[in-house]
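J.: The sequence isn't on hand, but the structure is:
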């Protein structure tokens with residue numbers, strides 16, 4: 001019933017793309033009352049950079065996600081992008097959707113709502129396909145928008161479309177990127193940053209604030225820091241006391257703490273192909289780095305947050321807790 005209600009809300013708010021030739025536009029829609037436990041707590045898994053038809057240990061990671069998801073009684077799953085390699089999806093009947101998603105994440109515990117952002121590899125395909133509600137008719141777990149907000153009372157999760165920020169994607173000639181709904185770029189980014197800043201400033205004071213994007217802000221791995229996000233997005237996160245910035249893009253697991261703000265930078269990009277063999281020192285506080293495959297969990301109550309990183313055996317590689325004072329309104 002909850003899934004049907006969610007689908008009804010989504011189908012009523014955004015336009016349905018029937019095939020691969022439609023058009024769409026981005027907006028920061030708020031999705032209220034996602035599935036939570038009776039006590040208001042919320043737990044979820046985070047995985048990124050995964051869609052490879054089960055190869056590169058994607059299926060093994062998925063199996064462990066199912067096991068940990070059952071142990072933690074998760075309420076949803078977050079994907080940090082690069083959902084389908086190498087070049088996104090071509091149309092709503094693209095077999096990669098089933099072979100890389102529906103046929104891989106089959107555990108009962110993963111039969112929850114998936115909230116996804118787009119990565120740069122997704123932009124190489126037909127972007128409108130991944131945004132299309134038609135995919136939810138194939139697998140109702142799927143939900144993807146450019147930027148949106150999930151409001152679960154104790155936490156507000158802000159999903160941000162980070163691919164348009166990177167200068168190189170607009171100039172490189174090796175790949176084609178689907179910029180429909182994004183160009184003109186300057187206006188798109190300006191509106192997105194204004195919308196995000198306003199949403200963060202008007203968020204429930206007592207709620208945890210989590211921002212999800214595909215690209216790194218701080219990273220010691222292959223891609224390193226994304227300068228455009230450091231310059232444009234990070235100041236907004238700092239000024240609005242965001243607790244976590246969660247991303248993929250670098251195919252690893254890592255936790256870095258900001259030197260001058262509350263923000264924790266968390267990379268969960270180990271959903272399939274990994275092991276880049278690159279380490280770039282950072283001036284920020286590196287708490288954990290694993291150049292391999294795996295995923296992350298987050299457990300939230302009103303004043304406690306617990307996160308953990310797991311490898312392909314489901315073993316905990318790193319865990320960390322954060323508390324905040326209870327705000328009584």
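T.: Sure, I can see it. None of these values were measured; they are calculated from a predicted model.
J.: rest of the way, CA atoms for contacts and neighbours
T.: Will do.
J.: mind checking the backbone torsions on the residue nearest to residue 219 when sequence neighbours are not counted?
T.: Spatial nearest neighbour of residue 219, chain neighbours left out: residue 225 (5.3 Å); criterion: CA to CA, 6 or more residues apart in numbering. Taking degrees, to the nearest 10, you get phi -70, psi 140 for the backbone angles of residue 225.
J.: okay but residue 225 is in contact with residue 247, surely?
T.: No. Contact status for residue 225 versus residue 247: not in contact, 11.7 Å apart, counting by CA atoms under 8 Å.
J.: Count the neighbours of the residue nearest to residue 219 for me.
T.: The number of residues packed near residue 225 is 18, by other CA atoms under 10 Å.
J.: Report pLDDT for residue 22.
T.: Reported pLDDT at residue 22 in the predicted model: 36.
J.: what separates the closest residue to residue 139 other than its chain neighbours from residue 52, distance-wise?
T.: Closest residue to residue 139 apart from its sequence neighbours, by CA to CA, 6+ apart: residue 102 at 6.8 Å. According to CA to CA, to the nearest Å, residue 102 stands 12 Å off from residue 52.
J.: neighbour-wise, which of those two wins?
T.: Just comparing residue 102 and residue 52: by other CA under 10 Å the higher neighbour count belongs to residue 52, 23 against 16.
J.: A strand includes residue 287, no?
T.: Yes. Under DSSP: H, G, I helix; E, B strand; the rest coil, residue 287 sits within a strand.
J.: From residue 220, how far out is it?
T.: Counting by CA to CA - residue 287 and residue 220 are separated by 11 Å.
J.: and if you look at residue 275?
T.: Computed as CA to CA, the residue 275 to residue 220 distance reads 13 Å.
J.: same question, residue 78
T.: From residue 78 over to residue 220 the distance is 22 Å, taken as CA to CA.
J.: Can you list the helices and strands that the helix or strand containing residue 148 packs against?
T.: Assigned by DSSP states H and E, residue 148 belongs to strand 147-151. Packing partners of strand 147-151 (3 or more CA pairs under 8 Å, 6 or more residues apart in numbering; DSSP states H and E): strand 28-32, strand 155-159.
J.: sorry, back to before: out of residue 275 and residue 220, which sits in the busier spot?
T.: Legend: neighbour count by other CA under 10 Å for residue 275 and residue 220, higher for residue 220 (23 against 15).
J.: can you tell me which residues contact the spatially closest residue to the more buried one that is not a sequence neighbour?
T.: Here the nearest residue to residue 220 in space, its sequence neighbours aside, is residue 280; by CA to CA, 6+ apart that works out to 4.5 Å. Contacts for residue 280 (CA atoms under 8 Å, 6 or more residues apart in numbering) come out as 219, 220, 221, 222, 224.
J.: Residue 229 now?
T.: Shown in contact with residue 229 (CA under 8 Å, 6+ apart): 162, 165, 216, 217.
J.: Looking at the helix or strand encompassing it now, give me its mean pLDDT.
T.: Residue 229 belongs to helix 227-232 when assigned by DSSP H and E. Averaged over helix 227-232, pLDDT sits at 98.
J.: With stretch 301-313 instead?
T.: 97.
J.: Identify all contacting residues around it.
T.: Here stretch 301-313 makes contact (CA under 8 Å, 6+ apart) with 40-42, 57, 60-61, 64, 154, 206-207, 253, 292-300, 316-326.
J.: average pLDDT across stretch 255-271?
T.: Computed over stretch 255-271, the average pLDDT equals 98.
J.: Identify each buried residue in it, please.
T.: Using 16 or more other CA atoms under 10 Å as the test for burial, stretch 255-271 gives 255-257, 262-271.
J.: farthest-separated two in those residues?
T.: The largest distance within those, taken as CA to CA, falls between 262 and 271 and amounts to 26.9 Å.
J.: How much space separates the residue nearest to residue 220 from residue 304?
T.: Between residue 280 and residue 304 the computed distance is 31 Å (CA to CA).
J.: do residue 253 as well
T.: Using CA to CA, residue 253 is found at 22 Å from residue 304.
J.: Which one's more surrounded, these two?
T.: Counted by other CA under 10 Å, residue 253 and residue 304 do not tie: residue 253 has more neighbours, with 32 against 15.
J.: partner residues bridging the more buried one?
T.: Here residue 253 sits in beta bridges with residue 268, residue 290, as judged by DSSP bridges.
J.: I figured it hits residue 297, correct?
T.: No. Taking contacts as CA under 8 Å, residue 253 lies outside contact range of residue 297: 11.7 Å.
J.: how long is stretch 48-58 from one end to the other?
T.: Span of stretch 48-58 from end to end, CA to CA: 10 Å.
J.: Now that stretch: average pLDDT?
T.: 98.
J.: for stretch 159-170, same thing?
T.: Averaging pLDDT along stretch 159-170 yields 98.
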